[in-house]
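Engineer: generate a structure from the sequence data that follows.
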Amino acid sequence: MRFLESKDPIALAALEFLIERDANDVKKLLEWLPSAQTKRDRMAIIERANSLMQELEYAINRIAEVE
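Structural biologist: Here you go, the predicted model:
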């Protein structure tokens, strides 16, 4: 529960949406990983998951600045 508004409520809402979306995407990619048939497919999945994890880290750090 918040007693004070964040500095930028629109940015906060967008960052929270980004975290939820990216976390769901990473989860789905990791579910697909065991069924990937080739090393190339596995590496593509891992690279995309890593990219999303970097976005998650950025969003989490930005939320700390916005709050």
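
Engineer: in this protein, where's the longest helix?
Structural biologist: Scanning the chain for the longest helix, with DSSP state H as the assignment, gives helix 39-66.

Engineer: can you pull the buried residues of that one?
Structural biologist: For helix 39-66, the neighbour count (16 or more other C-beta atoms under 10 Å) marks Ile45, Ala49, Leu52, Glu55, Leu56, Ala59, Arg62, Ile63, Val66 as buried. C-beta: built from backbone N, CA, C; applies to glycine.

Engineer: rounded mean pLDDT for that helix, please.
Structural biologist: Averaged over helix 39-66, pLDDT sits at 96.

Engineer: output the contacting helices and strands for that helix.
Structural biologist: When contacts are defined as 3 or more C-beta pairs under 8 Å, 6 or more residues apart in numbering; DSSP states H and E, helix 39-66 packs onto helix 9-32.

Engineer: can you give me the buried ones in the helix it packs on?
Structural biologist: Of all the residues in helix 9-32, those buried under the rule 16+ other C-beta under 10 Å are Leu12, Leu15, Leu18, Ile19, Asp22, Asp25, Val26, Leu29.

Engineer: who are the packing partners of that helix?
Structural biologist: helix 39-66.

Engineer: now do the helix it packs on against helix 9-32, angle only.
Structural biologist: Per axes from the mean of the first three to the mean of the last three C-alpha atoms, to 10 degrees, the angle that helix 39-66 makes with helix 9-32 is 160 degrees.

Engineer: can you lay out the buried residues of helix 9-32 as TSV showing pLDDT?
Structural biologist: Below are the buried residues of helix 9-32 laid out as TSV (pLDDT from 0 to 100):
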residue	pLDDT
Leu12	91
Leu15	94
Leu18	96
Ile19	97
Asp22	98
Asp25	98
Val26	98
Leu29	98
